[in-house]
Each structure stands twice: as C-alpha cells, then as structure tokens.
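Participant: below are the sequence and a predicted model for it; my questions follow.
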Amino acid sequence: GFPRTLGQAEALDKICELDLVISLNIPFETLKDRLSARWVHPASGRVYNMDFNPPHVQGVDDLTGEPLVQREDDKPEAVAARLRKYKDAAKPVIEMYKSRGILHSFSGTETNKIWPYVYTLLSSKIPPILSDEEN
C-alpha cells in the first residue's frame with residue numbers, strides 16, 4: 001500500500017487532500033505464506049503464485065517454458081523481515097489517518113470475503129458514473 005511511511009504521507013498531503021483511507025488487516029502468517037509462494041519469470045515480469053495462480057508446469061513459465069525464479073525478498077526469511085519493517089513504518093501513518101477520522105479498516109484473509117465490504121464503502125463515497133444515455 002501507499003503511503004507506507006510518515007514521510008510519504010506528509011508528501012502526499014502537499015499534493016492532495018485525502019478523505020478516505022483503507023487499511024487491510026491481514027494476519028502476518030497469511031501475508032508471509034502468500035508472498036513466499038510468489039515466483040516470477042524474469043524476462044517478462046509475469047508473476048505466479050504456487051497456491052492460487054500456479055504455472056501449468058511447476059517452476060516453468062507458461063508462455064516461454066523458461067525457468068521461474070523466486071526473488072530474494074520473497075523468500076520466507078526475507079518476507080518476515082519485510083513485514084516487520086512495514087508494520088513499524090506504517091503504524092504512525094495508520095494512527096495519523098485514524099486521528100483524522102478518515103481511516104476505514106477491514107480484516108480478513110480472503111479477497112472475496114473482504115471486497116464486498118470495501119466495495120460498499122467505496123460505493124457510498126463515490127457517485128456512480130452515468131453513461132451518455134443516462135445524462
């Protein structure tokens with residue numbers, strides 16, 4: 001997500017005024033497992049996830065047949081360190097938006113269960129776009 005740090009949030013404040021911030025609270029283990037299951041095809045940037053979007057043949061890009069690699073920062077130890085660092089950096093950002101009354105938090109482990117709540121919030125804040133026929 002963005003902004004990740006207080007410095008980024010302060011820089012964002014200088015160019016726009018936020019009236020809605022969404023925070024997704026996902027358990028540490030869920031994030032670690034998902035990120036650790038990510039493999040990429042370096043030449044194209046195609047991303048696979050061994051749990052929910054695996055390649056047809058394990059370890060091989062679907063289109064080229066070339067090997068997939070796991071980035072160093074997607075290995076379990078690195079993911080754990082990244083998540084700890086993110087949590088520490090993001091805490092003051094979350095607190096700032098909470099104090100402004102614009103933070104909306106959603107918790108869960110599955111997109112299809114969290115998304116309806118996020119969609120309802122966004123739908124209540126953003127007017128629908130009317131087609132030319134409706135104008």
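Facilitator: Thanks, I have it. For clarity, every value in this text was computed on a predicted model and none was experimentally measured.
Participant: after the lowest-mean-pLDDT helix or strand in the chain, next one along is what?
Facilitator: When the helices and strands of the chain are scored by mean pLDDT, DSSP states H and E, helix 28-36 comes last with a mean of 90. Using DSSP states H and E, the next helix or strand after helix 28-36 towards the C-terminus is strand 38-40.
Participant: flag every buried residue along the least confident helix or strand of the chain.
Facilitator: 31-36 (16 or more other Cβ atoms under 10 Å). For the C-beta atoms, the positions are set from N, CA and C on the backbone; glycine is no exception.
Participant: dump these to TSV, plus distance to Pro67.
Facilitator: Formatted as TSV, the buried residues of helix 28-36 follow (distance: Cβ to Cβ, whole Å):
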residue	distance to Pro67
Leu31	26
Lys32	24
Asp33	23
Arg34	22
Leu35	20
Ser36	18
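Participant: ok, of those residues, which one's closest to Gly1?
Facilitator: Distance to Gly1 across the buried residues of helix 28-36 (Cβ to Cβ) is lowest for Leu31, with 11.9 Å.
Participant: which residues does that closest one contact?
Facilitator: With contact set as Cβ atoms under 8 Å, 6 or more residues apart in numbering, Leu31 has these partners: 79, 83.
Participant: show me the helices in the protein, by range?
Facilitator: Along the chain, counting by DSSP state H, helices occupy 6-15, 28-36, 76-99, 111-125.
Participant: adding distance to Asn49, write those out as JSON lines.
Facilitator: JSON lines is the format used below for the helices of the chain (distance: least, Cβ to Cβ, whole Å):
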{"stretch": "helix 6-15", "distance to Asn49": "27"}
{"stretch": "helix 28-36", "distance to Asn49": "7"}
{"stretch": "helix 76-99", "distance to Asn49": "13"}
{"stretch": "helix 111-125", "distance to Asn49": "12"}
